[in-house]
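Sharing a model that was predicted from the sequence below.
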Amino acid sequence: MNISESLKIAVKCIKANWMRSLLTMLGIIIGITSVIMIIGAGTGVRDYIVGLIEDMGSNAVLISVDATSATDNDFITLNDVENIKSKVKGVDRCSPMLMGFGRATIDKTATEATAMIIGVNSDVQFAMPETCTYGRFFTDEEYQANAPVAIMGISSAQAAFGYEDVTNEYVTVSSSGKSMKIRICGVANIDAMANTVGGSSNMASMLSAGTDQVIIALFMPCTTLTQITGADAQLGSVFVIAEEGYDYDAVGNAAVNYLKSAHGNYSNKMYTAQNMATYVEIVNIIMSVLTIFIAGVGAISLIVGGIGVMNIMLVSVTERTREIGIRKSLGAKTKIITLQFLTESIILCLIGGIIGVSIGIAGAFAACSVIDIKPNITWWLIALALLFSSGVGLFFGIYPARKAAQMSPIDALRSE
(Lines give C-alpha, C1' and ligand atoms only; values in the text may rest on other atoms or scores of the structure.)
Protein backbone atom coordinates (compact mmCIF):
# COMPACT_ATOMS: atom_id res chain seq x y z
CA MET A 1 0.00 0.00 0.00
CA ASN A 2 1.37 3.40 -0.97
CA ILE A 3 0.73 6.80 0.61
CA SER A 4 -2.10 7.71 -1.79
CA GLU A 5 -4.04 4.59 -0.82
CA SER A 6 -3.52 5.40 2.87
CA LEU A 7 -4.91 8.87 2.23
CA LYS A 8 -7.98 7.47 0.47
CA ILE A 9 -8.70 5.01 3.29
CA ALA A 10 -8.17 7.72 5.92
CA VAL A 11 -10.56 10.15 4.19
CA LYS A 12 -13.12 7.37 3.74
CA CYS A 13 -13.00 6.50 7.46
CA ILE A 14 -13.35 10.17 8.46
CA LYS A 15 -16.37 10.60 6.16
CA ALA A 16 -17.96 7.44 7.52
CA ASN A 17 -17.93 8.94 11.02
CA TRP A 18 -18.07 12.63 10.15
CA MET A 19 -19.89 13.80 13.30
CA ARG A 20 -17.46 11.99 15.58
CA SER A 21 -14.55 13.34 13.52
CA LEU A 22 -15.91 16.91 13.76
CA LEU A 23 -16.26 16.68 17.53
CA THR A 24 -12.75 15.24 17.70
CA MET A 25 -11.39 18.16 15.68
CA LEU A 26 -13.14 20.70 17.91
CA GLY A 27 -10.22 21.02 20.33
CA ILE A 28 -7.80 21.55 17.42
CA ILE A 29 -10.14 24.10 15.83
CA ILE A 30 -10.51 26.08 19.05
CA GLY A 31 -6.78 26.02 19.73
CA ILE A 32 -5.73 27.15 16.25
CA THR A 33 -8.50 29.78 16.14
CA SER A 34 -7.43 31.32 19.45
CA VAL A 35 -3.75 31.33 18.54
CA ILE A 36 -4.33 32.94 15.12
CA MET A 37 -6.73 35.53 16.56
CA ILE A 38 -4.48 36.49 19.48
CA ILE A 39 -1.24 36.67 17.52
CA GLY A 40 -2.80 38.39 14.50
CA ALA A 41 -4.77 40.96 16.50
CA GLY A 42 -2.00 41.44 19.09
CA THR A 43 0.62 42.06 16.43
CA GLY A 44 -1.73 44.48 14.68
CA VAL A 45 -2.23 46.47 17.89
CA ARG A 46 1.53 46.51 18.48
CA ASP A 47 2.20 47.77 14.96
CA TYR A 48 -0.45 50.47 15.41
CA ILE A 49 1.03 51.73 18.69
CA VAL A 50 4.58 51.60 17.35
CA GLY A 51 3.42 53.48 14.25
CA LEU A 52 1.97 56.25 16.40
CA ILE A 53 5.23 56.59 18.32
CA GLU A 54 7.26 56.60 15.10
CA ASP A 55 4.98 59.28 13.68
CA MET A 56 5.85 61.38 16.74
CA GLY A 57 9.52 61.03 15.89
CA SER A 58 11.15 57.82 17.07
CA ASN A 59 14.62 59.23 16.38
CA ALA A 60 14.17 62.23 18.67
CA VAL A 61 14.14 63.14 22.35
CA LEU A 62 11.11 65.08 23.58
CA ILE A 63 11.99 67.62 26.28
CA SER A 64 8.88 68.61 28.24
CA VAL A 65 8.05 71.16 30.93
CA ASP A 66 5.84 70.25 33.88
CA ALA A 67 3.10 72.78 33.07
CA THR A 68 1.21 72.03 36.27
CA SER A 69 3.90 73.61 38.46
CA ALA A 70 5.81 75.85 36.02
CA THR A 71 5.90 79.62 36.25
CA ASP A 72 6.33 81.92 33.26
CA ASN A 73 10.09 81.89 33.84
CA ASP A 74 10.25 78.09 33.61
CA PHE A 75 8.86 77.69 30.09
CA ILE A 76 11.29 77.13 27.21
CA THR A 77 11.91 80.07 24.88
CA LEU A 78 12.95 80.29 21.24
CA ASN A 79 16.37 81.50 22.45
CA ASP A 80 16.66 78.29 24.47
CA VAL A 81 15.99 76.32 21.29
CA GLU A 82 18.86 78.07 19.48
CA ASN A 83 21.19 77.69 22.48
CA ILE A 84 20.42 74.00 22.88
CA LYS A 85 21.27 73.51 19.23
CA SER A 86 24.49 75.51 19.37
CA LYS A 87 25.78 74.98 22.93
CA VAL A 88 24.73 71.51 24.08
CA LYS A 89 27.23 68.91 22.97
CA GLY A 90 25.84 66.19 20.74
CA VAL A 91 22.74 68.09 19.62
CA ASP A 92 22.33 68.15 15.85
CA ARG A 93 18.90 69.73 15.54
CA CYS A 94 16.28 71.21 17.83
CA SER A 95 12.72 72.28 17.11
CA PRO A 96 10.18 74.10 19.27
CA MET A 97 6.71 72.60 19.75
CA LEU A 98 4.26 75.44 20.38
CA MET A 99 0.61 74.46 20.58
CA GLY A 100 -2.17 76.73 19.35
CA PHE A 101 -5.83 76.52 18.32
CA GLY A 102 -7.75 78.71 15.94
CA ARG A 103 -10.56 78.98 13.44
CA ALA A 104 -9.80 78.07 9.86
CA THR A 105 -11.57 78.83 6.62
CA ILE A 106 -10.70 76.73 3.59
CA ASP A 107 -10.50 79.40 0.90
CA LYS A 108 -11.33 77.06 -1.98
CA THR A 109 -14.49 75.57 -0.46
CA ALA A 110 -15.34 78.15 2.23
CA THR A 111 -15.45 75.25 4.69
CA GLU A 112 -15.16 76.21 8.34
CA ALA A 113 -12.87 74.11 10.53
CA THR A 114 -10.98 74.08 13.79
CA ALA A 115 -7.25 74.40 13.28
CA MET A 116 -4.86 72.62 15.60
CA ILE A 117 -1.62 74.50 14.95
CA ILE A 118 1.84 73.38 16.01
CA GLY A 119 4.57 76.00 15.83
CA VAL A 120 7.88 74.41 14.80
CA ASN A 121 10.99 75.15 12.81
CA SER A 122 12.40 73.31 9.81
CA ASP A 123 14.40 70.92 12.04
CA VAL A 124 11.24 69.04 13.02
CA GLN A 125 11.11 67.35 9.62
CA PHE A 126 14.17 65.32 10.62
CA ALA A 127 12.25 63.88 13.57
CA MET A 128 9.48 62.65 11.27
CA PRO A 129 9.57 59.11 9.84
CA GLU A 130 9.18 60.45 6.30
CA THR A 131 9.32 63.76 4.51
CA CYS A 132 6.44 65.56 2.81
CA THR A 133 4.27 63.32 0.67
CA TYR A 134 3.40 66.32 -1.49
CA GLY A 135 5.20 69.64 -1.83
CA ARG A 136 8.02 70.58 0.55
CA PHE A 137 8.77 71.63 4.11
CA PHE A 138 9.27 75.30 4.84
CA THR A 139 12.87 76.54 4.96
CA ASP A 140 14.97 78.26 7.64
CA GLU A 141 14.67 81.50 5.65
CA GLU A 142 10.87 81.27 5.73
CA TYR A 143 11.02 80.57 9.46
CA GLN A 144 13.18 83.66 10.09
CA ALA A 145 10.93 85.80 7.84
CA ASN A 146 7.69 84.73 9.63
CA ALA A 147 6.42 83.48 6.28
CA PRO A 148 2.68 82.62 6.09
CA VAL A 149 3.25 78.99 5.07
CA ALA A 150 2.30 75.69 6.66
CA ILE A 151 2.42 71.91 6.35
CA MET A 152 -0.98 70.19 6.47
CA GLY A 153 -1.64 66.63 7.63
CA ILE A 154 -2.70 64.08 5.01
CA SER A 155 -5.88 63.18 6.89
CA SER A 156 -6.60 66.86 7.44
CA ALA A 157 -6.27 67.60 3.73
CA GLN A 158 -8.64 64.77 2.88
CA ALA A 159 -11.18 65.99 5.45
CA ALA A 160 -11.00 69.67 4.45
CA PHE A 161 -10.53 69.50 0.67
CA GLY A 162 -11.63 65.98 -0.25
CA TYR A 163 -8.21 65.08 -1.69
CA GLU A 164 -4.61 64.86 -0.43
CA ASP A 165 -2.41 66.99 -2.68
CA VAL A 166 -3.42 70.46 -1.51
CA THR A 167 -0.05 72.17 -2.08
CA ASN A 168 -0.38 75.88 -2.93
CA GLU A 169 -3.94 75.97 -1.62
CA TYR A 170 -4.83 78.61 0.99
CA VAL A 171 -6.32 78.47 4.47
CA THR A 172 -7.25 81.57 6.47
CA VAL A 173 -6.42 81.01 10.15
CA SER A 174 -7.91 83.21 12.86
CA SER A 175 -7.03 83.36 16.55
CA SER A 176 -7.30 85.97 19.30
CA GLY A 177 -8.99 88.44 16.95
CA LYS A 178 -6.24 88.20 14.33
CA SER A 179 -6.24 86.33 11.04
CA MET A 180 -3.67 85.40 8.42
CA LYS A 181 -3.93 83.80 4.99
CA ILE A 182 -1.68 80.72 5.03
CA ARG A 183 -0.36 78.94 1.95
CA ILE A 184 -0.02 75.15 2.17
CA CYS A 185 3.51 74.45 0.95
CA GLY A 186 3.49 70.73 1.76
CA VAL A 187 1.40 67.78 2.91
CA ALA A 188 2.86 65.23 5.32
CA ASN A 189 1.84 62.54 7.79
CA ILE A 190 1.73 64.84 10.82
CA ASP A 191 -1.77 64.16 12.15
CA ALA A 192 -0.67 61.57 14.72
CA MET A 193 2.14 63.82 15.98
CA ALA A 194 -0.22 66.79 16.21
CA ASN A 195 -2.80 64.75 18.11
CA THR A 196 -0.16 63.57 20.56
CA VAL A 197 1.25 67.03 21.17
CA GLY A 198 -2.20 68.62 21.28
CA GLY A 199 -3.79 65.83 23.24
CA SER A 200 -6.64 63.69 21.97
CA SER A 201 -8.69 64.77 25.01
CA ASN A 202 -8.56 68.37 23.74
CA MET A 203 -9.92 67.27 20.38
CA ALA A 204 -12.66 65.24 22.03
CA SER A 205 -13.65 68.18 24.22
CA MET A 206 -13.79 70.48 21.19
CA LEU A 207 -16.13 68.13 19.38
CA SER A 208 -18.36 67.62 22.41
CA ALA A 209 -18.56 71.39 22.87
CA GLY A 210 -20.19 71.71 19.47
CA THR A 211 -17.26 73.02 17.43
CA ASP A 212 -16.72 72.19 13.77
CA GLN A 213 -16.69 68.56 12.86
CA VAL A 214 -13.67 69.21 10.61
CA ILE A 215 -10.40 69.52 12.53
CA ILE A 216 -7.20 70.16 10.60
CA ALA A 217 -3.60 69.86 11.76
CA LEU A 218 -1.04 72.43 10.62
CA PHE A 219 2.71 72.70 11.18
CA MET A 220 3.82 76.29 10.62
CA PRO A 221 6.83 78.40 11.60
CA CYS A 222 6.68 79.09 15.31
CA THR A 223 7.38 82.75 14.58
CA THR A 224 4.31 82.90 12.30
CA LEU A 225 2.13 81.26 14.93
CA THR A 226 3.06 83.87 17.55
CA GLN A 227 2.00 86.59 15.11
CA ILE A 228 -1.41 84.98 14.66
CA THR A 229 -2.04 84.33 18.35
CA GLY A 230 -0.31 87.48 19.59
CA ALA A 231 1.15 85.49 22.50
CA ASP A 232 4.77 85.05 23.55
CA ALA A 233 6.46 81.82 22.55
CA GLN A 234 6.30 79.95 25.86
CA LEU A 235 7.17 76.42 24.83
CA GLY A 236 5.95 73.40 26.75
CA SER A 237 8.14 71.00 24.77
CA VAL A 238 10.92 70.77 22.18
CA PHE A 239 12.25 68.02 19.96
CA VAL A 240 16.00 67.34 20.18
CA ILE A 241 17.83 65.23 17.60
CA ALA A 242 21.30 63.97 18.50
CA GLU A 243 24.29 63.90 16.22
CA GLU A 244 25.25 60.56 14.74
CA GLY A 245 27.18 58.44 17.23
CA TYR A 246 25.81 60.19 20.33
CA ASP A 247 23.58 58.49 22.86
CA TYR A 248 20.08 59.98 22.79
CA ASP A 249 19.52 59.58 26.52
CA ALA A 250 22.79 61.37 27.30
CA VAL A 251 22.01 64.20 24.89
CA GLY A 252 18.50 64.54 26.34
CA ASN A 253 19.87 64.76 29.87
CA ALA A 254 22.42 67.35 28.75
CA ALA A 255 19.65 69.48 27.24
CA VAL A 256 17.64 69.20 30.46
CA ASN A 257 20.67 70.29 32.50
CA TYR A 258 21.08 73.32 30.22
CA LEU A 259 17.45 74.33 30.77
CA LYS A 260 17.79 73.95 34.54
CA SER A 261 20.84 76.18 34.48
CA ALA A 262 19.37 78.75 32.09
CA HIS A 263 16.14 79.13 34.08
CA GLY A 264 17.60 78.68 37.54
CA ASN A 265 15.20 75.84 38.31
CA TYR A 266 16.95 72.67 39.43
CA SER A 267 13.78 70.74 40.26
CA ASN A 268 14.16 67.12 39.17
CA LYS A 269 10.62 67.08 37.78
CA MET A 270 10.39 70.43 36.01
CA TYR A 271 12.12 69.29 32.80
CA THR A 272 11.96 65.70 31.55
CA ALA A 273 13.58 64.01 28.55
CA GLN A 274 11.74 61.18 26.83
CA ASN A 275 13.60 59.09 24.28
CA MET A 276 10.90 58.13 21.77
CA ALA A 277 12.89 55.11 20.55
CA THR A 278 12.74 53.69 24.08
CA TYR A 279 8.96 53.71 23.89
CA VAL A 280 9.10 51.65 20.69
CA GLU A 281 11.27 49.05 22.40
CA ILE A 282 9.05 48.98 25.50
CA VAL A 283 5.88 48.54 23.43
CA ASN A 284 7.50 45.77 21.38
CA ILE A 285 8.63 43.92 24.50
CA ILE A 286 5.33 44.27 26.37
CA MET A 287 3.14 43.31 23.42
CA SER A 288 5.40 40.40 22.44
CA VAL A 289 5.39 38.98 25.97
CA LEU A 290 1.62 39.37 26.31
CA THR A 291 0.98 37.87 22.89
CA ILE A 292 3.23 34.87 23.52
CA PHE A 293 1.75 34.29 26.98
CA ILE A 294 -1.88 34.48 25.86
CA ALA A 295 -1.18 32.44 22.72
CA GLY A 296 0.52 29.84 24.93
CA VAL A 297 -2.59 29.60 27.06
CA GLY A 298 -4.64 29.19 23.89
CA ALA A 299 -2.28 26.49 22.67
CA ILE A 300 -3.19 24.37 25.70
CA SER A 301 -6.44 23.56 23.93
CA LEU A 302 -4.34 22.05 21.14
CA ILE A 303 -2.93 19.57 23.63
CA VAL A 304 -6.43 18.82 24.89
CA GLY A 305 -7.52 18.38 21.28
CA GLY A 306 -4.56 16.06 20.67
CA ILE A 307 -5.59 13.90 23.60
CA GLY A 308 -9.08 13.76 22.10
CA VAL A 309 -7.60 12.64 18.79
CA MET A 310 -5.63 9.89 20.57
CA ASN A 311 -8.77 8.74 22.37
CA ILE A 312 -10.84 8.54 19.17
CA MET A 313 -8.04 6.77 17.32
CA LEU A 314 -7.88 4.15 20.08
CA VAL A 315 -11.63 3.70 19.73
CA SER A 316 -11.18 3.39 15.97
CA VAL A 317 -8.51 0.72 16.44
CA THR A 318 -10.85 -1.24 18.69
CA GLU A 319 -13.73 -0.96 16.22
CA ARG A 320 -11.58 -2.08 13.30
CA THR A 321 -9.79 -4.96 14.99
CA ARG A 322 -11.15 -7.56 12.58
CA GLU A 323 -10.23 -5.36 9.62
CA ILE A 324 -6.68 -5.14 10.93
CA GLY A 325 -6.56 -8.93 11.41
CA ILE A 326 -7.76 -9.57 7.86
CA ARG A 327 -5.27 -7.16 6.37
CA LYS A 328 -2.38 -8.60 8.35
CA SER A 329 -3.35 -12.17 7.41
CA LEU A 330 -3.29 -11.08 3.78
CA GLY A 331 0.30 -9.90 4.16
CA ALA A 332 0.02 -6.27 5.25
CA LYS A 333 3.22 -5.31 7.02
CA THR A 334 3.43 -3.59 10.39
CA LYS A 335 4.65 -0.32 8.88
CA ILE A 336 1.68 -0.29 6.46
CA ILE A 337 -0.83 -0.55 9.30
CA THR A 338 1.10 2.12 11.26
CA LEU A 339 1.13 4.44 8.24
CA GLN A 340 -2.62 4.03 7.70
CA PHE A 341 -3.61 5.08 11.24
CA LEU A 342 -0.98 7.82 11.42
CA THR A 343 -2.27 9.24 8.13
CA GLU A 344 -5.82 9.26 9.48
CA SER A 345 -4.71 11.05 12.67
CA ILE A 346 -2.69 13.66 10.77
CA ILE A 347 -5.48 14.36 8.28
CA LEU A 348 -7.95 14.72 11.12
CA CYS A 349 -5.79 17.37 12.81
CA LEU A 350 -4.85 19.05 9.53
CA ILE A 351 -8.51 19.55 8.58
CA GLY A 352 -9.12 20.95 12.07
CA GLY A 353 -6.12 23.24 11.58
CA ILE A 354 -7.44 24.56 8.25
CA ILE A 355 -10.86 25.26 9.75
CA GLY A 356 -9.23 26.90 12.79
CA VAL A 357 -7.01 29.11 10.61
CA SER A 358 -10.03 30.27 8.57
CA ILE A 359 -12.08 31.10 11.66
CA GLY A 360 -9.03 32.68 13.36
CA ILE A 361 -8.34 35.02 10.43
CA ALA A 362 -12.00 36.06 10.25
CA GLY A 363 -12.08 36.55 14.03
CA ALA A 364 -8.91 38.68 14.02
CA PHE A 365 -10.32 40.99 11.33
CA ALA A 366 -13.66 41.20 13.15
CA ALA A 367 -12.01 42.03 16.50
CA CYS A 368 -9.67 44.63 15.00
CA SER A 369 -12.45 46.27 12.99
CA VAL A 370 -14.06 47.31 16.27
CA ILE A 371 -11.05 49.51 17.09
CA ASP A 372 -10.25 50.30 13.44
CA ILE A 373 -6.89 48.52 13.40
CA LYS A 374 -5.58 46.18 10.72
CA PRO A 375 -4.46 42.77 12.07
CA ASN A 376 -1.07 41.48 11.08
CA ILE A 377 -1.45 37.88 9.87
CA THR A 378 1.53 36.58 7.94
CA TRP A 379 1.97 33.48 5.81
CA TRP A 380 4.53 32.06 8.21
CA LEU A 381 1.97 32.25 11.03
CA ILE A 382 -0.56 30.29 8.96
CA ALA A 383 2.08 27.76 7.90
CA LEU A 384 3.27 27.36 11.48
CA ALA A 385 -0.30 26.81 12.72
CA LEU A 386 -0.94 24.12 10.10
CA LEU A 387 2.43 22.50 10.74
CA PHE A 388 1.76 22.48 14.48
CA SER A 389 -1.68 20.93 14.03
CA SER A 390 -0.17 18.23 11.81
CA GLY A 391 2.50 17.67 14.45
CA VAL A 392 -0.21 17.21 17.08
CA GLY A 393 -1.83 14.56 14.89
CA LEU A 394 1.50 12.83 14.37
CA PHE A 395 2.46 12.88 18.05
CA PHE A 396 -0.88 11.76 19.45
CA GLY A 397 -1.45 9.26 16.65
CA ILE A 398 1.73 7.27 17.20
CA TYR A 399 0.48 5.22 20.13
CA PRO A 400 -2.86 4.15 18.55
CA ALA A 401 -1.09 3.39 15.25
CA ARG A 402 1.56 1.23 16.93
CA LYS A 403 -1.10 -0.55 18.97
CA ALA A 404 -2.97 -1.38 15.76
CA ALA A 405 0.18 -2.48 13.95
CA GLN A 406 1.39 -4.76 16.75
CA MET A 407 -1.84 -6.77 16.95
CA SER A 408 -1.59 -10.51 16.41
CA PRO A 409 -3.53 -11.48 13.26
CA ILE A 410 -5.04 -14.52 14.99
CA ASP A 411 -6.19 -12.54 18.05
CA ALA A 412 -7.58 -9.80 15.81
CA LEU A 413 -9.60 -12.28 13.72
CA ARG A 414 -11.04 -13.90 16.85
CA SER A 415 -12.40 -10.60 18.18
CA GLU A 416 -16.13 -9.98 18.01
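It's in. Numbering: from 1, shown residues only.

Find the nearest non-adjacent residue to the residue most central in space within the chain, please.
In the chain, the residue lying closest to the centroid (C-alpha atoms, centre = their mean) is residue 47, at 1.7 Å. Sequence neighbours aside, residue 376 is the residue nearest to residue 47 in space, at 5.5 Å (criterion: C-beta to C-beta, 6 or more residues apart in numbering). To be clear about C-beta, it is placed using only N, CA and C from the backbone, and glycine gets the same treatment.

and after the lowest-mean-pLDDT helix or strand in the chain, which helix or strand comes next?
Sorted by mean pLDDT, DSSP states H and E, the helices and strands of the chain end with helix 200-208, the least confident at a mean of 41. Note on helix 200-208: by DSSP states H and E, the next helix or strand toward the C-terminus is strand 215-221.

contacts for that following strand?
104, 113-121, 124, 138, 142-143, 146-147, 149-153, 155-157, 159-160, 171, 173, 182, 188, 190-191, 194-195, 198, 203, 206-207 (C-beta atoms under 8 Å, 6 or more residues apart in numbering).

what are the phi and psi angles of the residue nearest to the centre of the chain?
phi -60, psi -40 (degrees, to the nearest 10).

Same check on residue 97?
phi -130, psi 90.

Let's see the pLDDT reported for it.
Here, the pLDDT recorded for residue 97 equals 87.

That one is in contact with residue 117, isn't it?
No: counting by C-beta atoms under 8 Å, residue 117 is not a contact partner of residue 97; they are 11.2 Å apart.

what's residue 119 in contact with, if anything?
Counting by C-beta under 8 Å, 6+ apart, residue 119 touches 96-100, 220-226, 233.

tell me which residues of stretch 166-179 are tucked away?
Neighbour-count burial for stretch 166-179 flags 166, 167, 169, 171, 172, 173, 175 (criterion: 16 or more other C-beta atoms under 10 Å).

what about that stretch, distance to the chain center?
Stretch 166-179 sits 34 Å away from the centroid of its parent chain (C-alpha atoms, centre = their mean, to the nearest Å).

Could you give the average pLDDT over that stretch?
Average pLDDT, stretch 166-179: 89.

ends of that stretch, how far apart?
Criterion C-alpha to C-alpha, to the nearest Å; first-to-last residue distance in stretch 166-179 is 20 Å.

Contacts for it next, please.
Applying C-beta under 8 Å, 6+ apart, the contact partners of stretch 166-179 are 100-108, 115, 117, 134-135, 150, 152, 157, 160-161, 180-187, 216, 218, 227-231.

Now the buried members of the residues you listed.
With burial judged by 16+ other C-beta under 10 Å, the buried subset of the contacts of stretch 166-179 is 100-102, 104-106, 115, 117, 134-135, 150, 152, 157, 160-161, 180, 182-187, 216, 218, 228-229.

Contact partners for residue 150?
Residues near residue 150 by C-beta under 8 Å, 6+ apart: 117, 138, 171, 182, 183, 184, 185, 218, 219, 220, 224.

Helices - which of those land there?
Counting by DSSP state H, the contacts of residue 150 place residue 224 in helices.

And the contacts of residue 150, which is closest to residue 85?
Nearest to residue 85 among the contacts of residue 150 is residue 138, at 17.4 Å by C-beta to C-beta.

where does the stretch 201-350 of the chain dip in pLDDT?
For the stretch 201-350 of the chain, the stretches with pLDDT under 70 are 201-213, 276-280, 298, 319-320, 324, 328, 332.

make it 50
Within the stretch 201-350 of the chain, the ranges that satisfy pLDDT under 50 run 201-212.

which residues of it fall in strands?
In the stretch 201-350 of the chain, the segments counted as strands under DSSP state E, counting those that start in this stretch are 215-221, 237-242, 271-275.
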